[in-house]
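> Next comes the sequence, and after it the predicted model I'd like to discuss.
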Amino acid sequence: MRRLLDSSIVTVLLGVALTAALAVVLRFAG
Amino acid sequence: MEGVLFEVVARWLHFLGALVWIGHNYATAVTRSRYVPLTAADLSDPDSPRQRVLMQREHGAFRYASLVTWGSGMLILWHRGWLGDALSLTGSLAPLGLGMWIATLMVANLWFVLWPHQQRVLGFVPAPIDERLRASRVTFLSARVNTMLSIPVLFFMGAGTHGVALFG
């Protein structure tokens, strides 16, 4: 887990996943 | 005319501030794609190579750039009469408002989580070595959280003006 969080790629992937999740929430629940 | 000039200058400051601030995060994420944690030896010797690199890095401009970015963003919203709807995530301002709230969290993370811990890592605030090592992990994770949060912020900033149809 610690090694995973140390990777920049994981940071970017988490950011993209968060963006998609928030966009879906905003689109369908907003 | 004054209104247009105000808007242009505020937007310019918003872009400039964001580039200086988030540029720091992105530069680190690219140049250090895998973080190597500090060790007790790095911190106990003020002349250790890693501590020298740490001390030579810039520690002020990006923090103040975050305030310029946040403040100019708020001024733009206020100037357009959008602040209330953005804050309350109302109607077509919901996407931009969401970006604004996430960016506000980022500023708080920088000033209230990262900076107090960074002061311990650098020795600006005296602390034992194990405390400084723990603080260095917190600063790393805090910076990475802001890098991650900048991705949805950029999306919702863009969506705020150009993506209205997406969120109908």
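Cool, got the structure. Residues are numbered from 1 along each chain as shown, chains lettered A, B, ... in the order given.

> How much space separates the residue of chain B found nearest chain A from B:Val4?
Per Cβ to the nearest Cβ, B:Ile151 is where chain B lies closest to chain A, at 3.0 Å. Heads up, the C-betas are built off the backbone N, CA and C, glycines and all. Separation of B:Ile151 from B:Val4 (Cβ to Cβ, to the nearest Å): 31 Å.

> Which one's more surrounded, the two?
Applying other Cβ atoms under 10 Å in any protein chain shown to B:Ile151 and B:Val4 shows that B:Ile151 carries more neighbours, namely 19 against 8.

> contacting residues for the residue nearest to the more buried one when sequence neighbours are not counted?
In this structure, B:Ile151 finds its nearest non-sequential neighbour in A:Gly15, 3.0 Å apart by Cβ to Cβ, 6 or more residues apart in numbering or on different chains. Residues near A:Gly15 by Cβ atoms under 8 Å, 6 or more residues apart in numbering or on different chains: B:147-152.

> can we see that at 10 Å?
Contacts here follow Cβ atoms under 10 Å, 6 or more residues apart in numbering or on different chains; on that basis A:Gly15 touches B:144-145, B:147-155.

> got it, and B:Ala18?
By Cβ under 10 Å, 6+ apart, the neighbours of B:Ala18 are B:65-66, B:68-70, B:72-73, B:103, B:150, B:153-154, B:157.

> if we can go back for a sec, and the helix or strand harbouring the residue of chain B closest to chain A, how far out from the chain middle?
Using DSSP states H and E, B:Ile151 sits within helix B:129-162. When C-alpha coordinates are averaged (Cα atoms, centre = their mean, to the nearest Å), helix B:129-162 and its chain have centres 7 Å apart.

> And for stretch B:95-113?
How far stretch B:95-113 lies from its chain's middle: 8 Å, per Cα atoms, centre = their mean.
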